[in-house]
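# give me a 3D structure for the following:
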Amino acid sequence: MLLLVLGTAAGGGIPQWNCACPGCSGARAHPRRRRRHASLAVRTGEGRWYVVNATPDIGDQIEDRPELHPGPGPRQTPIAGVILTDAELDHTLGLARLREADGFEVLATDPVRRAVRERLRLGEVLAPYTDVTWRELPGHGPGVRISGIPVSGKRPRYAADAPDDDAWVVALRLYDPASRTSVLYAPALADWPERLQRAAEEADCVIVDGTFWDDEEPVRTGISSRTATGMGHLPIDGPGGTAERLARLSARCLYTHLNNTNPLVDPAAPQHKRLARLGIEVAYDGMVIEP
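Numbering: from 1, shown residues only. Predicted structure coming up:
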């Protein structure tokens, strides 16, 4: 199994177009600090890749990686489909960017598929352009088994009145039977249920939600009146933070989905050293992971 980290930022990316916070201003001044929306590419077989979450950056993210480029035929692409962890706009709007494809698959849970097809109407919009096959998780490629672990009933704002379901947000378990290695990818975590803990303990690599450093960050920085947990994201540091949980795992552990207010967007921030002492990394755009 091979993973390409296509992006590591929360909604809006870094810099966010309408934001002059220190994180965004720093990224404008130092382009190496820029981060695209959080996404992965997973190789499921020779010349066959799935993109995890279709972000607004998906076209540029594909262009950034030679492994994902088309060829040798003029419209032959290694992108077989998209796996969705939730129905948030920053994880789904990129589906429209794939309309030039002859066809592709979308793997998602039932509430996510319904939201994308019926609320965003992307199924109806894409139908005249390409053949989209909508499939339920779990799924599999020729060499990787893909399953979803429900972690939250957090719905996107555009589907706030939709029925409750704990499969609105899932963590992905990617398992390669050939190497017997597994990766747990959870870019959005409002809770840490026992089933997620079991999967984390079994995984060789764990990549999780690092949106906010601490619970008060959104309030302190003025971006929200709600705390991190109130916005549906477990913080990294502090009581109930995920750093303590990750530090107890034997797996390689990394954070992704960083908000522009998170001090970790600054490579010189002391929080990096604190995580390093716990054996935890911060993923970066362009990173290659081979568990």
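# gap between Arg277 and Ala101?
Applying CB to CB, to the nearest Å, the value for Arg277 to Ala101 is 45 Å. Heads up, the C-betas are built off the backbone N, CA and C, glycines and all.
# and if you look at Ala171?
27 Å.
# for the chain, which segments count as strands?
Assigned strands in the chain, in chain order: 2-7, 39-45, 48-52, 79-83, 103-108, 131-136, 139-140, 145-152, 169-176, 181-186, 205-209, 252-256, 280-282, 288-289 (criterion: DSSP state E).
# neighbour count: Arg277 and Ala101, which is higher?
Legend: neighbour count by other CB atoms under 10 Å for Arg277 and Ala101, higher for Ala101 (18 against 9).
# check contacts around that one.
77, 79, 130 (CB atoms under 8 Å, 6 or more residues apart in numbering).
# including neighbour count and pLDDT, could those residues go into TSV?
Converted to TSV, these look like this (neighbours: other CB atoms under 10 Å; pLDDT from 0 to 100):
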residue	neighbour count	pLDDT
Thr77	18	96
Ile79	19	97
Thr130	14	98
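# looking at those residues, which one is closest to Val288?
Nearest to Val288 out of those is Ile79 (CB to CB; 17.4 Å).
# list the contacts for the closest residue in space to the closest one that isn't next to it in sequence?
Excluding the flanking residues, the one nearest Ile79 by CB to CB, 6 or more residues apart in numbering is Trp49, at 5.7 Å. Contact analysis of Trp49 by CB under 8 Å, 6+ apart lists 41-43, 67-68, 78-80.
# quick one: low-confidence parts of the stretch 51-200 of the chain?
Scanning the stretch 51-200 of the chain for pLDDT under 70 picks out the ranges 139-142.
# neighbours around Trp17, how many?
7.
# how close does it get to Val206?
Relative to Val206, and taking CB to CB, Trp17 is found at 31 Å.
# can you check Thr85 too?
Separation of Thr85 from Val206 (CB to CB) stands at 14 Å.
# and what of Asp166?
Asp166 sits 20 Å away from Val206, going by CB to CB.
# same check on Val106?
25 Å.
# and the two? which has more neighbours close in?
Shown here are Val106 and Val206; by other CB under 10 Å, Val206 has more neighbours (27 against 24).
# before we move on, the earlier item: list the beta-bridge partners for the residue nearest to Ile79.
For Trp49, the beta-bridge partners under DSSP bridges are Arg43, Ile79.
# for Gly94, see how far away it is.
14 Å.
# tell me the confidence at Glu46?
Glu46 is assigned 87 on the pLDDT scale.
# torsion angles phi and psi at it?
The phi and psi torsions at Glu46 (degrees, to the nearest 10) take the values phi -60, psi 120.
# what's in contact with stretch 282-291?
1-8, 34-36, 64, 176, 179, 181-183, 204-205, 207, 210, 252, 254-256, 258, 264, 272, 275.
# looking at the contacts of Trp49, which is nearest Gly241?
For those, the closest approach to Gly241 (CB to CB) belongs to Val42, at 27.6 Å.
# using TSV, please lay out the contacts of Trp49 together with distance to Glu290.
Putting the contacts of Trp49 into TSV (distance: CB to CB, whole Å) gives the following:
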residue	distance to Glu290
Ala41	13
Val42	12
Arg43	10
Glu67	12
Leu68	16
Pro78	17
Ile79	20
Ala80	19
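# now the buried members of those.
Among the contacts of Trp49, those classed as buried by neighbour count (16 or more other CB atoms under 10 Å) are 41-43, 68, 78-80.
# quick check, Ala167 in contact with Asp110.
Yes. Ala167 is within contact range of Asp110, at 6.8 Å (criterion: CB atoms under 8 Å).
# I'd assumed Leu84 was in contact with Val116.
Yes. Val116 is within contact range of Leu84, at 7.3 Å (criterion: CB under 8 Å).
# which residues in the stretch 101-250 of the chain form helices?
All helices of the stretch 101-250 of the chain, identified by DSSP state H, counting those that start in this stretch, fall at 110-114, 122-126, 194-202, 217-220, 242-247.
# quick one: contacts for Phe212?
218, 228, 231, 233, 235-236, 259, 261-262.
# mind listing what's buried in stretch 87-107?
87-88, 90-95, 97-98, 101, 104-107.
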